[in-house]
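S.K.: next input, structure requested:
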Amino acid sequence: MIVVEREIAGKLLKIETGKVARQSAGSVVVTYGETTIIVAVNAAKEIREGIDYFPLQVEYRERYYAGGKIPGGFFKREARPADREVLTSRLTDRPIRPLFPKAFRYETQVIITALSSDGENMADTLAGVGASAALLISNIPWNGPLATVRVGMINGEYIVNPTRTQMEDSTMELIVSGNDKTIVMVEGEAKEISEESMVEALKVAHKIIIEMIDLQNELLAQCTVVKREIPVEETDAEFEKQIIDSNSDKIQSTFKISNKIERDDAYQEIIATFVESLDDGSDVVGQKQKFAKKVLADEYKNIVRENILESGVRIDNRSTTEIRPITIDTGYLHRTHGSSLFTRGETQALAVVTLGTKSDQQIIDDMDNDYKKSFMLHYNFPPYCVGETGRIGFTSRREVGHGNLAERSLKPVLPSTEDFPYTIRIVSEIMESNGSSSMASVCGGSLSLMDAGVPTKAHVAGIAMGLITDGKRHAILSDILGTEDHLGDMDFKVAGTREGITAIQLDLKIEGVSFELLTEALAQAKEGRYHILGLMEEAMPTPHKEISQYAPQIQTLQINPEKIGALIGPGGKNIKKIIADTECNIEVDDTGTVFVSSPNRAKCNDALELVRAITMEPEVGMEFDGTITRLMTFGAFVEFVPGREGLIHISNLEWNRVNQVEDVVKSGDKVRVKLIKVDDQGRLDFSRKALLPQPEGYVEPERRPQRPRDKPFKKRF
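M.R.: Here you go, the predicted model:
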C-alpha cells in the first residue's frame, strides 16, 4: 500500500492506493478531514467500433451509511441518483474528459463512491481529486493531473475548501478545477460580486490546486505505471486532399445562409452528395465513405474557426461581440401565476412560475442532512426544440445541470421567506435551441418572476461566451451558437445583475486558458449582459405589485412558540376546526410562525383572527362571538375560540332575573359576549347582558356572594 498526505487549506489530505479495489486499472482512497471516498477507473479491452465519440462514464454515488443514516422509503436502499449526485458526476466529468487522447475510444468508467462523511468536509470536490489520481496511476492514457477545490467568501475573505458550517455564512460558492498551469473548469454562484473579485477567487483556488497536484505527482513517483498504447488512426493524405479540394468552397458558401436549419441542411446535402459519389461497388466503399465524413466534418470545423480568427466573421455573419436579436413576451400564459417567452435568435425559452405554500417545499434527504428547498428551477429540453425526434424518459444529466445553473443564477435576487413566504417553482421549457438555452432560461426566469409579482431585487441576465484559438491568435465570442459551442474551445456562461455576477460556469476543450484571457472574457461578457439587461428592464421595469389572482394568498402571523400546542389542540382538534371553518390551509413552524393560505384573502383574514384569538392572552373588556357548548344550572359555557371556553354565569345572561339557563340559551346557540373577569387560575368569566341595552328603570337587585366554582354544594337533610 502506498500513502501520501499533506496539509491542504488547514486540513490533512490523504491519498492511498494498493489496498482496496486492487483489480481495477487504477484505484485510490481519498480522505479529507473524516470524509472518505473511493475512486476506481477501468477501460474496456476492446475498442468500440462505429462511434465517433469517446464513451466515458463518470458516476458519483453517495452511500447513506457514510453519514450514519438508513435511506427512507419502502425499499430502504439507495435508488436512482439524486440531483446532487448527478451534479457531482458532471463536475468530475467535465474537466477530465478533454484530457483523454482523441483516438482512445475504449469504453471507460470512473466510479466514485462516498464511504464516510463527517458532515462538514464535502465529498464533491474530493471526487475530482480522486478521479485525477486514479487515472494518473492507471494504465489508461490521460493527460493529467488536475485537482478540484471549493472557494467561499466570508466577510470579504476568500476561504478554500470551507466546511459546510462556514458555507452558511459565505457570499460565494465556486467549484474550481485546474491543472498546474491554469483553470480548466468553474461552476458556482455569488451574491453579485465584481469581475475582478471573481478572477481573484480563481487565482486563490489555483494556488491550492497546485499543492494538490504536487501531492498526486508524489503518489505517481511511487507507482509503476505503464500506459496502454493509443490507437493510430489510418489516414490517406492524397484522398483527404481530394475531399477538401472538392468541397471546401461549397462548405464556405453555406455560411451565407443565416437560418440554422437551412444552413445545416445545405451542409448535409454536400456530405450526402459527395459520399454517394464514392459508391463504386468496391469492398472498401464503406471505409472510404466513413473517412470522407470525418474529413468533411474536420474541414467544416477548420473553416468556421479560420473565418473567425482571420476576419472576425461568424457563421451567422455576426461580429464577435454582437448579440442576437431578442424579443420578450411577458404574461404569455393566462392562467399560470407568471410567465415569459424569451427569444434570442434561434434559442427560445418559455419560463413559467408557480407559487405554492410551505407544504410545497421540496424535502431533500441525502447522505449528510435533511432540509427543505423553497425555490426550484427545472429545465426541460424536448427533442422538438432542435427539430428532431428522440426518446422521452427520465430527466437527463444535461437537464439537471442546466436547471441547477439557472437556479443558482436567480437565487441571490429572491426575497427572503420572511418577506415573501411562498414556495417558488420555475419551469423552463426550451422551445427552440441554437446555443445557450440555459442562459435563456435565466433571462426568461427573471422576467417570469417579476410577472408573477415576486419582489425580486433586480433582473438577472445570462450570456454564453466562446473562444477560438490556435495558440497564437484568439477570438472571444459573445452569445455563442450551438455550432460555435461544438467547434470552439470554451463554453463560458456568466449570469448576473448590473451590480455583479450571480453565477458562472466555465468548460474548456483545451488544456487551459490564462487568467488574462479570462479577465478579457469576463469584461466582454459584462458588456453583453448589460445589453440584455437593458432590453429586459424595458420590457418589465419592476415586478407586478400584486401576485396573480390564481395564486394562493399567503399571510403570516408570529405567535408565542409556547402557544403552538394551544393552536394545534388535542389531536389537532383546534387547527383542524379552523381549517374546516375557513377553508384555508394553516401551517406552523417551530419558531411560532403561522402560515395561512387560501385563494380567498377574506378567508385568510378570518383564519388569522381565529389564530390570534386562540393564541392571545385574553384581557378584561374584550368581546367575542362564541358558541354555547354546555348548559349548567348555574350558567352556560361558551367556546369563544376553537378549543377555549369560559363561563357565562346565569346572572350575566340577561338584565332581568333568569330562573333557568334554558330559558335564554340552548346548546349550539351563537352569542356575543364580553370578558369581565380572569381569575388567578386563568379561568374566564363572560357576560352576555353587558352587550345588551339596559332596560329602562332597571334597578340592580341585591345579590348574595357567588359560590366559588371549586367548592361543591353541601347536602341538606
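S.K.: give the buried residues for the helix or strand hosting residue 306.
M.R.: According to DSSP states H and E, residue 306 maps onto helix 285-311. For helix 285-311, a neighbour-count test (16 or more other Cβ atoms under 10 Å) marks 288-289, 291-293, 295-296, 299-300, 303-305, 307-308 as buried. C-beta coordinates here come from the backbone N, C-alpha and C atoms, glycine included.
S.K.: could I get those residues as TSV with distance to residue 640 and pLDDT?
M.R.: Shown next, in TSV, are those (distance: Cβ to Cβ, whole Å; pLDDT from 0 to 100):
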residue	distance to residue 640	pLDDT
288	93	84
289	88	84
291	89	85
292	89	87
293	84	87
295	88	90
296	85	91
299	86	90
300	81	91
303	84	91
304	78	91
305	80	93
307	82	91
308	78	93
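S.K.: quick one: those residues as JSON lines, columns for distance to residue 205 too.
M.R.: Listed next are these as JSON lines, based on distance: Cβ to Cβ, whole Å:
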{"residue": "288", "distance to residue 205": "49"}
{"residue": "289", "distance to residue 205": "47"}
{"residue": "291", "distance to residue 205": "43"}
{"residue": "292", "distance to residue 205": "45"}
{"residue": "293", "distance to residue 205": "41"}
{"residue": "295", "distance to residue 205": "40"}
{"residue": "296", "distance to residue 205": "41"}
{"residue": "299", "distance to residue 205": "38"}
{"residue": "300", "distance to residue 205": "36"}
{"residue": "303", "distance to residue 205": "37"}
{"residue": "304", "distance to residue 205": "32"}
{"residue": "305", "distance to residue 205": "30"}
{"residue": "307", "distance to residue 205": "35"}
{"residue": "308", "distance to residue 205": "30"}
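S.K.: which one among these gets closest to residue 563?
M.R.: Nearest to residue 563, judged by Cβ to Cβ, of the buried residues of helix 285-311 is residue 308 at 67.9 Å.
S.K.: so that closest one sits right up against residue 317, yeah?
M.R.: No. Applying Cβ atoms under 8 Å, one finds residue 308 not in contact with residue 317, separated by 11.5 Å.
S.K.: how many neighbours does the nearest residue to residue 622 once chain neighbours are set aside have?
M.R.: In space, and not counting its chain neighbours, residue 622 is closest to residue 675: 4.8 Å by Cβ to Cβ, 6 or more residues apart in numbering. A count of nearby residues for residue 675, using other Cβ atoms under 10 Å, gives 19.
S.K.: doesn't residue 616 make contact with residue 675?
M.R.: No. Using Cβ under 8 Å, residue 675 makes no contact with residue 616, being 11.1 Å away.
S.K.: how far away is the nearest residue to residue 470 once chain neighbours are set aside from residue 12?
M.R.: Excluding its sequence neighbours, the residue lying closest to residue 470 (Cβ to Cβ, 6+ apart) is residue 309, at 6.3 Å. Relative to residue 12, residue 309 is positioned 47 Å away (Cβ to Cβ, to the nearest Å).
S.K.: then residue 158?
M.R.: 21 Å.
S.K.: more neighbours, these two?
M.R.: With other Cβ under 10 Å as the criterion, residue 158 and residue 12 differ in neighbour count, and residue 158 comes out ahead with 18 against 11.
S.K.: residue boundaries of the helices in the protein?
M.R.: 83-96, 123-136, 164-167, 195-221, 237-254, 260-277, 285-311, 397-410, 437-451, 482-487, 515-539, 564-568, 573-582, 601-615 (DSSP state H).
S.K.: give me the contacts around the lengthiest strand in the chain.
M.R.: If you go by DSSP state E, the chain has its longest strand at strand 35-47. For strand 35-47, contacts defined as Cβ atoms under 8 Å, 6 or more residues apart in numbering pick out 20-21, 24-30, 66, 105-118, 120-123, 126-127, 130-131, 133-135, 138-140, 228, 231.
S.K.: now with 7 Å, please.
M.R.: If you take Cβ atoms under 7 Å, 6 or more residues apart in numbering as the criterion, strand 35-47 is touched by 20-21, 24-30, 105-118, 121, 123, 126-127, 130-131, 134-135, 138, 140, 231.
S.K.: my guess is residue 504 meets residue 491, correct?
M.R.: No. Taking contacts as Cβ atoms under 7 Å, residue 504 lies outside contact range of residue 491: 11.6 Å.
S.K.: any idea how far residue 619 is from the residue lying closest to residue 621 once chain neighbours are set aside?
M.R.: Distances taken as Cβ to Cβ, 6+ apart place residue 675 nearest to residue 621, at 6.6 Å, with adjacent residues excluded. Shown here: residue 675 relative to residue 619, a distance of 7 Å by Cβ to Cβ.
S.K.: endpoints of stretch 483-499, how far apart?
M.R.: 31 Å (Cα to Cα, to the nearest Å).
S.K.: in that stretch, what counts as buried?
M.R.: Result for stretch 483-499 [16+ other Cβ under 10 Å]: buried residues 483-485, 487-497.
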